[in-house]
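J.: 3D, please:
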Amino acid sequence: MRLFNLCHAVCLRSLVVPLLAGLVFALPAQAEIWIDTTGSFKIDAEYERVDGASVVLRKADGQTIAVPINRLSEASRARAKELFENAKSGGSKAPINLATNSASGGSSYQPTNQFANIVAPSAPDIGQMEPFPSSPKLQQQFDYMKTQVMNGHLEVFWYSLPDDVRTEIDSQEFRDLYRPMLKNYADQNAPMETMTAKLLEVLTTKKDFVLGSSLLASLPPDALPMLQQGYDPGVGLMYEWMSLSKGFESIPDTTFTQLANYHLPRLGAHAKELLPLAPAGSVDGLLSQVIIEQTSATAGTITAPKQNGETETVDVVLHEGRWLPSEFVDVLITNKGNLVQKAKESATEFEKVMSPASQAQTAALLETISAPVNAALDSLLAANNQQEFDQAAMGMVQQAMMIAAGMGGANAAPPGPPAGF
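T.: This next block holds a predicted model:
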């Protein structure tokens with residue numbers, strides 16, 4: 001009997017202790033107050049996870065926001081670190097790092113936080129991208145890429161390039177070629193970036209005023225719920241796009257693979273949230289019109305509809321385990337092992353296009369637009385109530401109409417990069 005009781009006690013301990021421990025870890029984290037370095041920003045939210053250089057917090061309404069760790073007070077940073085360590089050791093909130101599509105660790109790339117006043121909606125976790133199929137059939141690769149894109153993994157387009165091509169593009173010599181071009185881009189883009197950052201600050205800090213604005217009264221009855229549903233994903237998409245734009249400035253010191261792994265899943269995750277807002281059946285209907293035809297073991301065609309109702313057919317070939325447009329493969333074969341020289345020629349062409357006169361014209365246009373737009377956005381940020389916000393918004397609409405009338409039909413947009421590499 002004593003032996004039975006001893007065995008019984010041991011069995012209970014071996015079963016109950018782990019069970020109780022599991023229950024403790026499975027209990028949802030309690031909401032708590034998170035404070036920033038100034039003490040002016042406070043939020044009652046539950047710790048969700050660490051995502052790169054940000055802490056993801058879940059508010060009472062279920063929405064998540066990403067707060068840069070360096071914006072948190074010392075006490076809040078310490079609390080986030082404690083919860084992060086608990087999660088790594090077996091807690092319920094396992095840290096996910098979208099930069100590597102895996103559990104925390106991996107890529108050292110972290111974009112510089114240029115938007116300290118913006119707490120953007122957090123990108124939802126979309127898990128890992130499925131491995132690229134090895135030497136697939138044309139239909140198999142199309143279906144695979146379609147599935148990954150629909151799941152939010154836009155980085156699949158980067159990985160559709162052959163391994164040796166990605167390696168050469170990632171080389172330091174290749175990336176160094178773009179240093180002058182990227183500096184010009186950063187200088188040209190600075191006014192637009194300032195306006196976009198200020199707009200994002202309005203959209204994130206004045207969300208209730210935006211959705212409660214009297215200017216939305218003219219919307220159809222079913223439009224407002226759609227706007228509310230798509231608001232956070234849309235703002236998150238805008239934020240991640242601007243973050244990617246800033247990321248390109250780091251190309252000489254960062255590989256394209258690092259940029260793709262970090263930014264594209266975040267963009268795709270927000271875009272995935274917006275897909276349900278598309279008209280019912282529109283996405284599937286469009287994809288069903290794409291015709292895939294493999295004419296041989298290494299050749300085929302993809303026919304897709306165009307906006308004007310016509311169709312366009314692209315010849316594709318199997319090249320180093322990837323189906324690619326045949327014209328692109330011709331470029332790769334012609335310049336095999338010499339893509340750097342092709343990039344040099346492309347960079348030279350771009351410098352010719354970006355003449356001092358065209359740069360001055362673009363700068364003058366952006367200056368004309370940015371001053372009144374920034375003033376209007378500042379008035380939205382200064383609003384303390386709905387009435388003040390609506391008055392500022394109306395003034396901004398009128399200002400936009402005046403700018404459009406003043407510009408007429410002129411189009412002085414900065415030229416894009418040349419074709420090719």
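
J.: Output the below-cut-off pLDDT ranges for the stretch 101-250 of the chain.
T.: Counting by pLDDT under 70, the low-confidence segments of the stretch 101-250 of the chain come to 101-108, 112-117.

J.: For Glu249, which non-adjacent residue is closest in space?
T.: Leaving aside its sequence neighbours, Glu249 sits nearest to Ala186 (C-beta to C-beta, 6 or more residues apart in numbering; 5.1 Å). Every residue, glycine included, has its C-beta placed from N, CA and C.

J.: Was I right to think that neighbour contacts Gly247?
T.: No. The criterion here is C-beta atoms under 8 Å, and Ala186 misses it with Gly247 at 11.5 Å.

J.: More neighbours: which of the two?
T.: Neighbour count, other C-beta atoms under 10 Å: between Ala186 and Gly247, Gly247 has more, with 19 against 14.

J.: nearest residue to the most centrally placed residue in the chain other than its sequence neighbours?
T.: With distances taken as C-alpha atoms, centre = their mean, the residue of the chain nearest its centroid is Leu267 (2.5 Å). Excluding its sequence neighbours, the residue lying closest to Leu267 (C-beta to C-beta, 6+ apart) is Glu240, at 4.8 Å.

J.: can you pull the contacts of that neighbour?
T.: Going by C-beta atoms under 8 Å, 6 or more residues apart in numbering, Glu240 touches Ala120, Ala123, His263, Arg266, Leu267, His270.

J.: out of the residues you listed, who has the most neighbours?
T.: Going by other C-beta under 10 Å, Arg266 tops the contacts of Glu240 with 29 neighbours.

J.: any idea how far that one lies from Ala278?
T.: 20 Å (C-beta to C-beta, to the nearest Å).

J.: Shouldn't Thr313 be within a strand?
T.: Yes. Thr313 forms part of a strand when assessed by DSSP: H, G, I helix; E, B strand; the rest coil.

J.: Which elements pack onto the helix or strand hosting Ala78?
T.: Using DSSP states H and E, Ala78 sits within helix 74-88. Packing partners of helix 74-88 (3 or more C-beta pairs under 8 Å, 6 or more residues apart in numbering; DSSP states H and E): strand 32-35, strand 42-51.

J.: Quick check: nearest residue in space to Leu199, chain neighbours excluded?
T.: Leu377 (6.1 Å).

J.: ok, back up a step: output the helices and strands packed on helix 74-88 in a markdown table, with mean pLDDT, mean neighbour count and distance to Ser282 appended to each entry.
T.: Converted to a markdown table, the helices and strands packed on helix 74-88 look like this (pLDDT from 0 to 100; neighbours: other C-beta atoms under 10 Å; distance: least, C-beta to C-beta, whole Å):
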| stretch | mean pLDDT | mean neighbour count | distance to Ser282 |
| --- | --- | --- | --- |
| strand 32-35 | 83 | 16 | 40 |
| strand 42-51 | 80 | 19 | 31 |
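
J.: For my notes, please list those in JSON lines and give distance to Phe157 for each entry.
T.: Below are the helices and strands packed on helix 74-88 laid out as JSON lines (distance: least, C-beta to C-beta, whole Å):
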{"stretch": "strand 32-35", "distance to Phe157": "36"}
{"stretch": "strand 42-51", "distance to Phe157": "22"}
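
J.: So for Gln128, which of these sits nearest?
T.: If you check each of the helices and strands packed on helix 74-88 against Gln128 by C-beta to C-beta, strand 42-51 wins as the nearest, at 14.8 Å.

J.: any idea of the angle the closest one forms with helix 74-88?
T.: If you take axes from the mean of the first three to the mean of the last three C-alpha atoms, to 10 degrees, strand 42-51 sits at 40 degrees to helix 74-88.

J.: Which strands border strand 42-51, and is each parallel or antiparallel?
T.: Strand 42-51 has the following strand partners under DSSP bridges: strand 32-35 (antiparallel), strand 54-58 (antiparallel).

J.: Give me the phi and psi for Leu277.
T.: Main-chain dihedrals, Leu277, degrees, to the nearest 10: phi -80, psi -10.

J.: Contact partners for it?
T.: For Leu277, the contacting residues are Met226, Gln229, Gly230, by C-beta under 8 Å, 6+ apart.

J.: Quick check: the first one is in a helix.
T.: What that stands for is Met226. Yes. Assessed with three-state DSSP, Met226 lies in a helix.

J.: Now it. Nearest residue, chain neighbours left out?
T.: Closest residue to Met226 apart from its sequence neighbours, by C-beta to C-beta, 6+ apart: Leu277 at 5.5 Å.

J.: Next one: the one you found relative to Pro225, how far apart?
T.: For Leu277 relative to Pro225 (C-beta to C-beta), the value is 10 Å.

J.: Please identify the buried residues of the helix or strand hosting Leu366?
T.: Per DSSP H and E: Leu366 is located in helix 356-382. Neighbour-count burial for helix 356-382, with 16 or more other C-beta atoms under 10 Å as criterion, is recorded at Thr362, Ala363, Leu365, Leu366, Ile369, Ser370, Val373, Ala376, Leu377, Ser379, Leu380.

J.: For that helix, enumerate the helices and strands it packs against.
T.: Against helix 356-382 (3+ C-beta pairs under 8 Å, 6+ apart) you get helix 179-205, helix 386-407.

J.: Mind giving me the packing neighbours of the longest one?
T.: Meaning helix 179-205. Using 3+ C-beta pairs under 8 Å, 6+ apart: helix 179-205 touches helix 223-248, helix 339-353, helix 356-382.

J.: let's go with 10 Å and repeat that
T.: The helices and strands touching helix 179-205, judged by 3 or more C-beta pairs under 10 Å, 6 or more residues apart in numbering; DSSP states H and E, are helix 207-211, helix 223-248, helix 339-353, helix 356-382, helix 386-407.

J.: between it and helix 356-382, how big is the angle?
T.: Per the same axes, to 10 degrees, the angle that helix 179-205 makes with helix 356-382 is 20 degrees.

J.: Same question for helix 179-205: list its buried residues.
T.: Buried, per 16+ other C-beta under 10 Å, within helix 179-205: 181-182, 185, 188-189, 191-193, 195-205.

J.: what distance separates that helix from the centre of its chain?
T.: 16 Å (C-alpha atoms, centre = their mean, to the nearest Å).

J.: Stretch 289-308 too?
T.: On the basis of C-alpha atoms, centre = their mean, stretch 289-308 sits 29 Å off its chain's mean C-alpha point.

J.: Buried ones in that stretch, by neighbour count?
T.: In stretch 289-308, counting by 16+ other C-beta under 10 Å, buried: Ile292, Gln294, Gly300, Ile302.
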